[in-house]
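Colleague: I would like to see how this sequence folds:
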Amino acid sequence: MALSDDLTTYVKTTFDAQWAPAREGKVVPDQKSLSLTNDAIHFACATVLYADLNRSTKMVDSKQWWFAAEIYKTFLYCAARIIRDNGGEVVAYDGDRVMGVFLGDQQVRNAAICGLKINYAVTHLIMPLKKQKYTDDDFVLRHVVGIDASEMHVAKTGVRGDNDLVWVGRAANYAAKLSDINGDQATWITGAVFNALPETAKYGGNPSQLMWTKHTWNTMNKMEIYGSTWWWQV
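Modeller: Here you go, the predicted model:
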């Protein structure tokens, strides 16, 4: 069969096939949980976190490859470990960013604090050790974390033997877009996430202060979002 025939058959089959009733999910699924047919798992609410290196293109254009690789490795390792340590699951790596999913009653709180802890790791661990090793280098690692929560479905995509899971729902898209925001605030959450946070994840310091600043997301229908420069010690 010619490649074009094979592609046509797959596309037509996917569009024509009925979706099996989505199963209710309780844990983050792995690839064995789903088939490549129109099969899905449903979550009434899941919180998605994207942690993204900012201005990484400029870094790879101006630095040695091995230096850029060390920045990628240290940032993604710290972010992934912090996601797991705060009750999330790493579900994807995409170049210079990592995607985490949080479930359960404390999912929104855990994700928000995770974002603040990633800021701590960048500011107080990675950058000081980078300066200690490369004393004459002026590179400053900048990152952005985006977080949203919504109803989600998970399906399996790709070809047999080479596939992945795709998370379909607002939270995955909005979290990814939030992680593209440039600015001084490293952690961004939607208004839905902020409104669901307990007071312990909204306020910090002594005396207690609100850790989040309200903004209007003009490019996304003037949505209410919140940014933070705060960090939470690991």
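
Colleague: from the contact counts, what lies against the longest strand along the chain?
Modeller: The strand that spans the most residues within the chain, counting by DSSP state E, is strand 142-159. Counting contacts by 3 or more CB pairs under 8 Å, 6 or more residues apart in numbering; DSSP states H and E, strand 142-159 packs against strand 40-54, helix 107-120, strand 162-168, helix 170-178, strand 187-190, helix 191-196. Backbone N, C-alpha and C define where each C-beta goes, glycine included.

Colleague: if Leu53 is in a bridge, with which residues?
Modeller: Listed by DSSP bridges, the beta-bridge partners for Leu53 are His143.

Colleague: just checking, it touches Phe75?
Modeller: Yes - taking CB atoms under 8 Å as the contact criterion, Leu53 and Phe75 are neighbours in contact, 5.8 Å apart.

Colleague: any shared contact partners between these two?
Modeller: Asp96, Leu141, His143 (CB atoms under 8 Å, 6 or more residues apart in numbering).

Colleague: which of those ranks first by neighbour count?
Modeller: Taking other CB atoms under 10 Å as the neighbour criterion, His143 ranks highest of these with 24 neighbours.

Colleague: name all residues that make contact with that one.
Modeller: Under the criterion of CB under 8 Å, 6+ apart, the contact partners of His143 comprise Ala51, Asp52, Leu53, Asn54, Phe75, Ile118, Asn119, Val122, Ala186.

Colleague: kindly recompute the last result at 10 Å.
Modeller: In this structure, His143 makes contact with 51-56, 75, 78-79, 96-97, 118-119, 121-123, 126, 179, 186-187, judged by CB atoms under 10 Å, 6 or more residues apart in numbering.

Colleague: equivalent analysis for Ala51, please.
Modeller: Taking CB under 10 Å, 6+ apart as the contact definition, Ala51 lies against 75-76, 78-80, 82-83, 90, 96-100, 114-115, 118-119, 121-122, 143-147, 175, 179, 186-187.

Colleague: just the buried ones out of these, please.
Modeller: With neighbours counted by 16 or more other CB atoms under 10 Å, these contain buried members at 75-76, 78-80, 82-83, 90, 96-100, 114-115, 118-119, 121-122, 143-147, 175, 179, 186-187.

Colleague: report all helices and strands that the host helix or strand of Leu7 contacts.
Modeller: With elements taken from DSSP states H and E, the one containing Leu7 is helix 3-16. For helix 3-16, not one helix or strand is in contact under the criterion 3 or more CB pairs under 10 Å, 6 or more residues apart in numbering; DSSP states H and E.

Colleague: beyond that helix, next helix or strand please.
Modeller: Using DSSP H and E, the helix or strand that follows helix 3-16 towards the C-terminus is strand 23-24.

Colleague: for Thr8, find the nearest of the helices and strands packed on strand 142-159.
Modeller: The closest approach between Thr8 and any of the helices and strands packed on strand 142-159, judged by CB to CB, belongs to strand 162-168 at 19.9 Å.

Colleague: buried ones in the closest one?
Modeller: Residues Leu165, Val166, Trp167 are the ones in strand 162-168 that count as buried (16+ other CB under 10 Å).

Colleague: now the protein, which segments are flagged as low pLDDT?
Modeller: By pLDDT under 70, the weakly predicted segments of the chain are 1.
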